[in-house]
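Trainee: I'll drop the sequence and a predicted model, then ask my questions.
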Amino acid sequence: MSMLIADSPINVETQTLLGAPVLGGARRAFINRHIWIALILVLAAFSRLTDLGAGYFDGDDAFISIRALQVAREHALVLVGPPMAVGLWHSPVSVYLYAIPYSLSLDPRAARAFTALLNVAAIAVLYIVGVKYFNRAGTLAGALLLAVHPYMVASSRDINNAQLGALFVALYLLTGFMGCVDGARVARWLHLLMLSLAGQCHPHTFAIAPLSLILVADAWISGRRRFLLVDFVGGGLLALASFVPYGIGLLQLLPTANLPAAAVTAFSNKGVMFLADMLYWRLSEGAPQGLTLVLPLLLLGGIAICAVRVRGLVLLVAVCSMPLIATIFNIHLVIDYFWNTLPVAFMLMGISLGVVFQQRWLRWVGFGLVGAITVSNLHYLVRLDRRVDVISLEQQLAATDLALATNKPVLVLSDGNYDNLMRWELHNLLANIRGRDARVVAGSRSMPLPGAGATLLSSTDFGLRPLFSDGEVVSQNFRLGPMAAAAQFAPNIPLRAPQHFDGGQTVLGFFAPAPVTGGTAALNLIWRVDQVSPVEFGVFAQLVDERGTKLSQVDQAGLPIAQQRAGEWVLNQLEFTDVPSAGPLFIRFGFIAADGQRSNRLNSEGGIAEGDAFAQVRGLAQPVMEFNDALTLEDIRLNTPTQGEPLLVDATWRLKQALGNQALRWRVIDKQSGRAVYETATGLAAGEWAVGSFVSEQYVLRVPTDLRAGAYVVAAQLAGDAGAVPAVEWADEVDIVARNREFLRPGMAHELQKWFGNEIELAGYDLQLAGRKLSVTLHWQALRQLEHSYKYFVHVLRNGELAAQWDAIPQDAEYPTLWWAQQEFISQAVQLDLAALAGGEYTVSTGFYDVTTGQRLAAPVTLQEIQLP
């Protein structure tokens, strides 16, 4: 088989590498032959290892670092790697590789150095491939261009899975050539394993798999068949075995993947021109003016030369198959995805230069182009990191060290951006591994309030928490400031009493930095962790008006389980919109987990209470009145009762200063005569209220049921603990509406005059039996104003055993006995269906029992016997 370029001389007597002979010779000859690649590798290492803290550190760098630290320091079992743009997950190969440097050092710069050294090793491997199977001079030139290319230098020290894949791609090529050209069996066994590792670094790399078919086919056609298929099948089994952990991890997480959205992202290729423009922009980076086309043209030349020979076709597939397949199948692709095959592109450039170097009249032109580009790239690299306006890893490390140096808990404030959040999570983990209390507060989720205060750290452009915006600028791009002790955020709108939840939370109230006005309002829910919950409960809060209409709602992620500290306060910043400028406002709030599980509100006895928690956070623009310096009446509402009904007073108080328990003296005055027709006193447990809280109470004034209809005045005064009545009095008018009452004895078939105690007289009844339909009308008279609510009952008995019954509050519960006036007659009709009863003789009786206690008012009264057919 004819090859692209004559093979380099191979000394078969030297030692072998992976089962194949390699270059050798005397020491001087060896040094003379390899001095240039040694210098190139030193230059590559120096450029990549210099200033490792400079440059951008993105979310994937941080994510991989976090997982690698968990493997290295916490011995965690990680089965998947960083998330993909398409909604799935990469292999954990990169995580376990980066666990190596993180087991030696906690500094992310060590992991960057690890990436850089692996990429220097990739240059060395590609040099072996080039020298052994192509052209030495061209290979050296390509290696030099790769060693100093700004994009390849800057990105080859990123903590990223694609960057790790370059070494495995180079080893995939080397083992392929050695196994199929030289017949090295060990290389054949390792060949597909290298592809597996390269593809697990980034799955797009599997697109270069056809080069294995090319090499195997060439070996088969050329007669190098001995153990060929056996070795490659064995290597394939090794490659498949390397997928087992990743496969298990994918199967575990696949139910959580958003596959429809992933498909939309996966199949979104931007076309050939986009890829060409992207590649040109990257390759021309750092080139002097007028030479920006040199590297792209050398690449095109290498592609054209390699397209006609088998060995060159292998390199061509390695460089071009990934973008070609992605374009054909409309697969999402950016240059970072095939970064690990880009070093091979410099081999193609070297092949072009090898042809140039063979032409004497072009040789010096080639040397000049390589020299000019090298010098320009080195100059570009010297000033690269200084002029890139990004937050560098070094700056973030320095800012974190300053925060930790305060010897207080550190709270890192971050927005929800993936890159920002992952970077801070990494620094948080590094601090935790060192035994320091550092927590990341992401976005608007719950924020811990350490009891003795904390140190706040954020980027200077972070603006999601205005309450914590103070601090000094450090490391150019970060803000460092103190956070006051938790007591400084004590609610200035507390609840009447702390509200406990069975999920281990207790809400204390709300901290308002400013009065709640119209438009947008900021309130901070303050709650306490009573016990660490195994479930992360989010917070919901609904702003409602006095009619119960929801105006605005805020739903926030809760406090992560790892950040919970029993006894510590927590703050949730609530930003409400569409807030009216006036009128009382209330917040309905609670805790709910992602799966819908609620943290139940507890009552004062510790049992589960119905409904959500509810608290008032704003009263009327002007309170109704101030009783004293400590107590204001924020709002008060009276019902308009019909005769017999109690007078209901709904009052909202606000306690401005500590105050002992009080007594309220109530009076109802007939407006016409000026005579007080009702007086009573009720308790006001102000001594149990939190200062600043709104407290709503309902007072039931059981005015005489026989008051005449008309206008009355309701008045209230504070009596205080000693009973002394101060001069301040609240008063308002109320109308009592007339009720249609009957004070004349109605007609009835059976008169009885049976008393139930000294409260109700059964004046008589009417009874009619039509087949199995029993109709009874009871006629009662109230002997006085009743103090209890009673239910009446009608029983149908057979031989003293209950056969049928009916019991209810009179008149369908619309006229309870508490509302009856003295001497008033009340009639009640009852219908009973006795179709289910056997024929025979039955007794009908009636009576009353207390609604609350169930105790009968008196013995039942027998009405009469009935005969069922």
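Mentor: Nice, thanks for sending it over.

Trainee: who touches Gly395 in this structure?
Mentor: I think there's a mix-up here, since residue 395 is Gln and not Gly. 53, 475-478 (CB atoms under 8 Å, 6 or more residues apart in numbering). Just so you know, the C-beta spots here come from the backbone N, C-alpha and C atoms, and that holds for glycine as well.

Trainee: Now name the helix or strand holding it.
Mentor: Assigned by DSSP states H and E, Gln395 belongs to helix 393-404.

Trainee: Helix, strand or coil: sort out the nearest residue to Val294 once chain neighbours are set aside for me.
Mentor: Closest residue to Val294 apart from its sequence neighbours, by CB to CB, 6 or more residues apart in numbering: Leu369 at 5.6 Å. Using DSSP: H, G, I helix; E, B strand; the rest coil, the structure places Leu369 in helix.

Trainee: Please apply the same query to Ser775.
Mentor: Put simply, Ser775 is strand when judged by three-state DSSP.

Trainee: From Pro810, how far out is it?
Mentor: Applying CB to CB, to the nearest Å, the value for Ser775 to Pro810 is 17 Å.

Trainee: Can you pick out the residue with more neighbours from the two?
Mentor: Set Ser775 next to Pro810 and count neighbours by other CB atoms under 10 Å: Pro810 wins out with 21 against 13.

Trainee: so when I look at that one, I'm seeing a helix, right?
Mentor: No. With three-state DSSP as the criterion, Pro810 is coil rather than part of a helix.

Trainee: is it true that it touches Leu786?
Mentor: No. Look at Pro810 against Leu786 with CB atoms under 8 Å: they stay out of range, at 11.1 Å.

Trainee: any shared contact partners between these two?
Mentor: Contact criterion CB under 8 Å, 6+ apart; residues bridging Pro810 and Leu786 by contacting each: Thr817.

Trainee: Please list only the buried members of the contacts of Gln395.
Mentor: Among the contacts of Gln395, those classed as buried by neighbour count (16 or more other CB atoms under 10 Å) are 53, 475, 477-478.

Trainee: so which of the residues you listed would you say is closest to Ser533?
Mentor: Ser533 lies nearest to Phe478 out of the buried ones among the contacts of Gln395, by CB to CB, at 32.3 Å.

Trainee: May I have the beta-bridge partners of the closest one?
Mentor: Phe478 forms beta bridges with Ser459, Val474, as assigned by DSSP bridges.

Trainee: Look up how far Arg445 lies from it.
Mentor: 21 Å.

Trainee: cool, Arg282 as well?
Mentor: Per CB to CB, Arg282 is found 38 Å from Arg445.

Trainee: same question, Ala54
Mentor: Separation of Ala54 from Arg445 (CB to CB): 32 Å.

Trainee: And for Pro704?
Mentor: Noted for Pro704: a distance of 57 Å to Arg445, by CB to CB.

Trainee: Now that Thr327 has come up, it's in contact with Met273, right?
Mentor: No. Using CB under 8 Å, Thr327 makes no contact with Met273, being 10.1 Å away.

Trainee: Buried residues of the helix or strand harbouring Leu767, list them for me.
Mentor: Leu767 is part of strand 760-770 when elements are defined by DSSP H and E. Buried positions in strand 760-770, judged by neighbour count with 16+ other CB under 10 Å: 760-767, 769.

Trainee: would you turn these into JSON lines with pLDDT and distance to Ser321?
Mentor: Supplementary listing: the buried residues of strand 760-770 in JSON lines, determined by pLDDT from 0 to 100; distance: CB to CB, whole Å:
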{"residue": "Ile760", "pLDDT": "97", "distance to Ser321": "98"}
{"residue": "Glu761", "pLDDT": "97", "distance to Ser321": "103"}
{"residue": "Leu762", "pLDDT": "97", "distance to Ser321": "101"}
{"residue": "Ala763", "pLDDT": "97", "distance to Ser321": "104"}
{"residue": "Gly764", "pLDDT": "96", "distance to Ser321": "104"}
{"residue": "Tyr765", "pLDDT": "97", "distance to Ser321": "100"}
{"residue": "Asp766", "pLDDT": "97", "distance to Ser321": "100"}
{"residue": "Leu767", "pLDDT": "96", "distance to Ser321": "100"}
{"residue": "Leu769", "pLDDT": "94", "distance to Ser321": "98"}
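
Trainee: what residue ranges in the chain score low on pLDDT?
Mentor: In the predicted model of the chain, residues 1-26, 257-272, 332, 384-389, 720-727 satisfy pLDDT under 70.

Trainee: Any idea which residue is closest to the centre of it?
Mentor: With distances taken as CA atoms, centre = their mean, Ala557 lies nearest the centre of the chain, 5.0 Å away.

Trainee: Test my guess that that residue contacts Gly443.
Mentor: Yes. With contact defined as CB under 8 Å, Ala557 reaches Gly443; the gap is 7.2 Å.

Trainee: Return the residues in contact with the closest residue in space to Gly606 that isn't next to it in sequence.
Mentor: By the measure of CB to CB, 6+ apart, the closest residue to Gly606 outside its immediate chain neighbours is His500, 7.8 Å from it. The neighbours of His500, taking CB under 8 Å, 6+ apart as the test, are 506, 530, 601-602, 606.

Trainee: Pick the one among those closest to Val737.
Mentor: Of the contacts of His500, the one sitting nearest to Val737 (CB to CB) turns out to be Arg601, at 37.5 Å.

Trainee: which residue sits closest to that closest one in space, ignoring its chain neighbours?
Mentor: In this structure, Arg601 finds its nearest non-sequential neighbour in Ala609, 4.6 Å apart by CB to CB, 6+ apart.

Trainee: Please name the residues that touch that neighbour.
Mentor: By CB under 8 Å, 6+ apart, the neighbours of Ala609 are 600-603.

Trainee: Widest-spaced pair of those?
Mentor: Among the contacts of Ala609, Asn600 and Asn603 lie farthest apart (CB to CB), at 10.0 Å.

Trainee: returning to what we had before: what comes up buried for the helix holding Gln395?
Mentor: Within helix 393-404, the residues that count as buried by 16+ other CB under 10 Å are 393-400, 402-404.

Trainee: and that helix, how far out from the chain's middle?
Mentor: The chain centroid and the centroid of helix 393-404 are separated by 26 Å, computed with CA atoms, centre = their mean, to the nearest Å.

Trainee: again, but for stretch 516-532
Mentor: Centroid separation for stretch 516-532 versus its chain: 18 Å, with CA atoms, centre = their mean.

Trainee: What would that stretch look like as CSV? C-alpha coordinates only.
Mentor: Presented in CSV, the C-alpha positions along stretch 516-532 are these (Å, rounded to 0.1, in the frame of the first residue of the first chain):
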residue,chain,number,x,y,z
VAL,A,516,-45.9,48.8,53.0
THR,A,517,-47.1,51.2,50.3
GLY,A,518,-48.6,50.8,46.8
GLY,A,519,-47.1,49.3,43.7
THR,A,520,-44.3,47.0,44.9
ALA,A,521,-43.8,46.1,48.5
ALA,A,522,-40.8,44.3,50.1
LEU,A,523,-41.4,42.2,53.2
ASN,A,524,-39.2,39.7,54.8
LEU,A,525,-40.7,36.6,56.4
ILE,A,526,-38.7,35.7,59.5
TRP,A,527,-38.9,32.1,60.7
ARG,A,528,-36.9,29.7,62.9
VAL,A,529,-35.6,26.2,62.3
ASP,A,530,-36.8,24.2,65.2
GLN,A,531,-35.4,20.9,63.9
VAL,A,532,-33.6,19.9,60.8
